[in-house]
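Asks: got a predicted structure here, sequence first:
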Amino acid sequence: MKINRRHAFMTLVAAAILAGPASAVDTIRVGLPTKTYWPTTIAETAVRQKLFEKEGIQAELTIYRSGAETFEGMAAGAADIILDPPSLVSAGRKKGVMSRIVANAAMGNFGWQLMVPTKSTLEVKDLNGKKVAITAAGSGSDLLALWTIQDKKIDFTRVPVGGGGLVPNLLAGNVEAAVVYSPLSFQIAKSGEAKTILDYATAVPPNLTAGWIVLDKFADAKPQMVQKAVNALYGAVAFMRANRDVTVKLIAELYEMPPEIASLEYDNTIMKLETSGDMGAPNVNAAVQLSLDLAKLGGLKDIVPVEDVISAKFKPVPTK
């Protein structure tokens, strides 16, 4: 098992490298939006608890700089299953990248916050005309920034800086605010470096914010591989819920943060993630539609019908 960080260009190179027979048959390549983000915790738990191995497959984890770059990686053939919002699936289908969400991962923006440096006196309404950092265009942070512009009736410049650039650019004063995901949001709030002026977990109506996604052609060619992968990932979610101390320790280790911050991530994010992942559940279609509607309100135009965005063929059976 290994974790790589590479840029968009490198994903194209990796696609050619990783297309060998061994990885195509036995290895599921998992694309993760950024390092310090809960999908990484899930995938790492699945690896460390040998849940992929229990399913008879191997996993290779690749960490990108944003959700948009992760989606590009899948489109380029460098990842088999990724985590991203429904809006990227919709936009991708408009551009010929045919993929679907096969498992529901989260129904809220848990831990996502609009933050300013602690000494700043700016409120949300004061960001009109200012610069706000996001990870990348089309990413989850971009959608929340666009939603803020629409909902608060203000306008600001969205500055893409990558997941690793959010906090440094905010604290350096290169931007006036940043859309920050957890546990980074908890960390800089706890340290006193920044403060929250908008909590997206409560401000945005509940909707399907992220799911595990595969290309249609991969799902058609390797349905058993997809089923085994989601089994392992939801087995990891079940393990994390049942093993608080182990998971808090893992979060602290992965993201190099104090245990008290890792505990906040566990209680406020990990414990709120979806446990079944079933895309055939009664509430899923409406939740996906709301997610797409919010993206449309935020200015995204490439919206396709819900039934073209999701697949209910792969109900996870959590690996034990």
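Replies: Ah, there it is.
Asks: which SS class is the residue nearest to residue 64 when sequence neighbours are not counted?
Replies: Once flanking residues are discounted, residue 64 sits nearest to residue 70: 4.3 Å by C-beta to C-beta, 6 or more residues apart in numbering. (Each C-beta comes from the backbone N, C-alpha and C, glycine too.) With DSSP: H, G, I helix; E, B strand; the rest coil as the basis, residue 70 sits in helix.
Asks: against residue 218, how distant is residue 70?
Replies: 15 Å (C-beta to C-beta, to the nearest Å).
Asks: for those two, indicate the residue with more neighbours.
Replies: Counted by other C-beta atoms under 10 Å, residue 70 and residue 218 do not tie: residue 70 has more neighbours, with 30 against 19.
Asks: how near is the more buried one to residue 100?
Replies: Residue 70 is 16 Å from residue 100, by C-beta to C-beta.
Asks: likewise for residue 295?
Replies: 16 Å.
Asks: can you tell me which strand in the chain is longest?
Replies: Counting residues, the longest strand found in the chain (DSSP state E) is strand 99-106.
Asks: list the contacts for the residue nearest to residue 64?
Replies: Residue 70 makes contacts with 31-33, 64, 79, 82-84, as judged by C-beta atoms under 8 Å, 6 or more residues apart in numbering.
Asks: okay, now residue 253: neighbour count?
Replies: With other C-beta under 10 Å as criterion, residue 253 counts 12.
Asks: same question for residue 88.
Replies: 30.
Asks: okay, it: pLDDT?
Replies: On pLDDT, residue 88 comes in at 92.
Asks: which residue sits closest to it, ignoring its sequence neighbours?
Replies: residue 71 is the one closest to residue 88 (C-beta to C-beta, 6+ apart), at 4.6 Å.
Asks: ditto for residue 39
Replies: residue 83 (4.3 Å).
Asks: over to residue 90?
Replies: residue 304 (4.8 Å).
Asks: I'd like to know how far residue 246 sits from residue 45.
Replies: 9 Å.
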